[in-house]
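**Q** the sequence isn't on hand, but the structure is:
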């Protein structure tokens, strides 16, 4: 009887130890999988745009920014504008950070593709933005500025002679 009790207690002890090890391993794996990667400027900018303009989650977007977010007002306003347009026009907006190019150590130029549609018609436009980052325990977005459109418009294309 004592031997059976000892074996049962030993079995329960081993099971508890394995459960504890499994729980710690699962927690560490989850933490690693969901950890914010701030080691690459372009990845931080892409994640910031995803949270701010695609998911429209300002709290989550702030995880990718500097403490002083005043340099991000114009991009935040773009997000609000797109949201208002969706509500007024009954559209759905898709924002795609297309080409992301490092410009120096702490700057990233992004071509944003903005598609707004209602199922019947899609309005496509693009904007170029310059993001400035700071390395503060990993890269963080400090400012964003829309750059002038470099593509020609009808008023800037010289007429052709026939």
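**A** On my side now, so go ahead. The shown structure was predicted, so the numbers you read here are calculated from the model rather than taken from an experiment. Residues are numbered from 1 along each chain as shown.
**Q** now the helices for this structure?
**A** For the chain, the helices identified by DSSP state H occupy 2-34, 41-49, 58-61, 73-89, in order along the chain.
**Q** tell me the most buried of those?
**A** For the helices of the chain, the largest average neighbour count (mean count of other C-beta atoms under 10 Å) is found in helix 41-49, namely a mean of 21. For glycine as for every other residue, the C-beta is placed from the backbone atoms N, C-alpha and C.
**Q** what residue ranges in the chain score low on pLDDT?
**A** Scanning the chain for pLDDT under 70 picks out 24-35, 150-162.
**Q** scan it for its longest strand.
**A** Here the longest strand in the chain is taken by residue count, with DSSP state E as the criterion, and it is strand 122-135.
**Q** same for that one, what does it pack against?
**A** With contacts defined as 3 or more C-beta pairs under 8 Å, 6 or more residues apart in numbering; DSSP states H and E, strand 122-135 has these neighbours: helix 41-49, strand 107-117, strand 139-147.
**Q** what's the closest of these to residue 128?
**A** Using C-beta to C-beta as the measure, strand 139-147 is the one of those that comes nearest residue 128, at 4.4 Å.
**Q** between strand 122-135 and that closest one, find me the angle.
**A** Per axes from the mean of the first three to the mean of the last three C-alpha atoms, to 10 degrees, the angle that strand 139-147 makes with strand 122-135 is 130 degrees.
**Q** leaving out chain neighbours, which residue sits closest to residue 52?
**A** Closest residue in space to residue 52, ignoring its immediate chain neighbours: residue 61 at 4.0 Å, by C-beta to C-beta, 6 or more residues apart in numbering.
**Q** the one you found contacts residue 45, correct?
**A** No. In this structure residue 61 lies outside contact range of residue 45 using C-beta atoms under 8 Å: 11.4 Å.
**Q** what sits up against stretch 69-85?
**A** For stretch 69-85, the external contacting residues (C-beta atoms under 8 Å, 6 or more residues apart in numbering) are 52-53, 56, 58, 62, 65, 91, 93, 95, 114, 116, 127, 129, 132, 141-146.
**Q** returning to that earlier point: residue 100: which of the helices of the chain is closest?
**A** Residue 100 lies closest, by C-beta to C-beta, to one member of the helices of the chain: helix 41-49, at 4.4 Å.
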